[in-house]
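Q: sequence? don't have it. structure:
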């Protein structure tokens, strides 16, 4: 395996820390070295067993269907029905999402791919190189670990407005490392958007290749709908930086 994760040595920590302190959200362009960012993207595009993650309503139980499960026709029908329910929930203004997902934490716990790239990546996300950088630019010295999952927002996928209010579980900062195709076009959706109290979009972060998006939680945000004509999915490594 090629080198999987290496921070860009030219990043200006002081400037990034200043911006995060002012806005409580941040885009870090060219976050990884070009070689490692492209290696991660290739793994996501060609070597990932994607399941599908769904939730249809704020009080409904989320469900992650693994690829092996989806080979069962009865489970396929269940997943398709949940997909329809996500549309129905979103149409009523209730929280809903659907996207392809590979949970790195669950994969490690259940031995999906022992010693594979996602197990290695999770180690990197919990090593001092990454966590120390995150403490420096967020100013949160208590950050102790990172969880994470790989996601692909393909055609007709979305993540409804919510605020990541799991502070009691140790969530402090959400991160999204974008690894999708070069030159993502605005018409293809997949933007990380933030809202004010009136529901206006305050800012939208483009899913630019090799760009890390960070924001303190809770904040109202969403991932906009990816239309059927988008040529590729919106690939990302996402999760939360936690103090416990």
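A: Great, that's in hand. Keep in mind it's a predicted model, so treat the numbers as computed, not measured. Numbering: from 1, shown residues only.
Q: For residue 5, which non-adjacent residue is closest in space?
A: Closest residue to residue 5 in three dimensions, ignoring its sequence neighbours and counting by Cβ to Cβ, 6 or more residues apart in numbering: residue 124, at 3.9 Å. The way it works is simple: take the backbone N, C-alpha and C, and place the C-beta from them, glycine included.
Q: and what of residue 220?
A: residue 195 (4.4 Å).
Q: Hmm, that neighbour is touching residue 218, no?
A: No - here residue 195 does not reach residue 218: they are 11.9 Å apart, not a contact under Cβ atoms under 8 Å.
Q: The residue nearest to residue 220 - how many residues pack around it?
A: 16 (other Cβ atoms under 10 Å).
Q: again with residue 84
A: 10.
Q: Spell out the secondary structure type for it.
A: Put simply, residue 84 is helix when judged by DSSP: H, G, I helix; E, B strand; the rest coil.
Q: now swap in residue 61 and tell me
A: coil.
Q: Without its sequence neighbours, what residue ends up closest to it?
A: Nearest residue to residue 61, sequence neighbours excluded (Cβ to Cβ, 6+ apart): residue 55, at 7.6 Å.
Q: ok, that neighbour - contacts?
A: 61-63, 86, 95-98 (Cβ atoms under 8 Å, 6 or more residues apart in numbering).
Q: gap between the two ends of stretch 199-210?
A: End-to-end distance of stretch 199-210 (Cα to Cα, to the nearest Å): 29 Å.
Q: Actually, stretch 187-205.
A: Terminal residues of stretch 187-205 are spaced 13 Å apart (Cα to Cα).
Q: Then stretch 162-170?
A: Stretch 162-170 has its terminal residues 17 Å apart, counting by Cα to Cα.
Q: average model confidence for that stretch?
A: Here stretch 162-170 scores 85 as its mean pLDDT.
Q: distance between it and the chain's centre?
A: In terms of Cα atoms, centre = their mean, to the nearest Å, the centre of stretch 162-170 is set 15 Å apart from its chain centre.
Q: Would you mark the buried spots in it?
A: By neighbour count on 16 or more other Cβ atoms under 10 Å, the buried set for stretch 162-170 is 162, 164, 170.
Q: Also stretch 101-118?
A: 101-104, 107-108, 112-113, 116-118.
Q: export those to a markdown table and tack on secondary structure, pLDDT and distance to residue 81?
A: Listed next are the buried residues of stretch 101-118 as a markdown table, based on DSSP: H, G, I helix; E, B strand; the rest coil; pLDDT from 0 to 100; distance: Cβ to Cβ, whole Å:
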| residue | secondary structure | pLDDT | distance to residue 81 |
| --- | --- | --- | --- |
| 101 | strand | 98 | 18 |
| 102 | strand | 98 | 23 |
| 103 | strand | 97 | 22 |
| 104 | helix | 97 | 28 |
| 107 | helix | 96 | 26 |
| 108 | helix | 95 | 30 |
| 112 | coil | 94 | 26 |
| 113 | coil | 88 | 29 |
| 116 | coil | 96 | 32 |
| 117 | helix | 97 | 33 |
| 118 | helix | 97 | 29 |
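Q: Including distance to residue 74, could the residues you listed go into a markdown table?
A: Converted to a markdown table, the buried residues of stretch 101-118 look like this (distance: Cβ to Cβ, whole Å):
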| residue | distance to residue 74 |
| --- | --- |
| 101 | 21 |
| 102 | 23 |
| 103 | 23 |
| 104 | 28 |
| 107 | 24 |
| 108 | 29 |
| 112 | 22 |
| 113 | 26 |
| 116 | 29 |
| 117 | 32 |
| 118 | 28 |
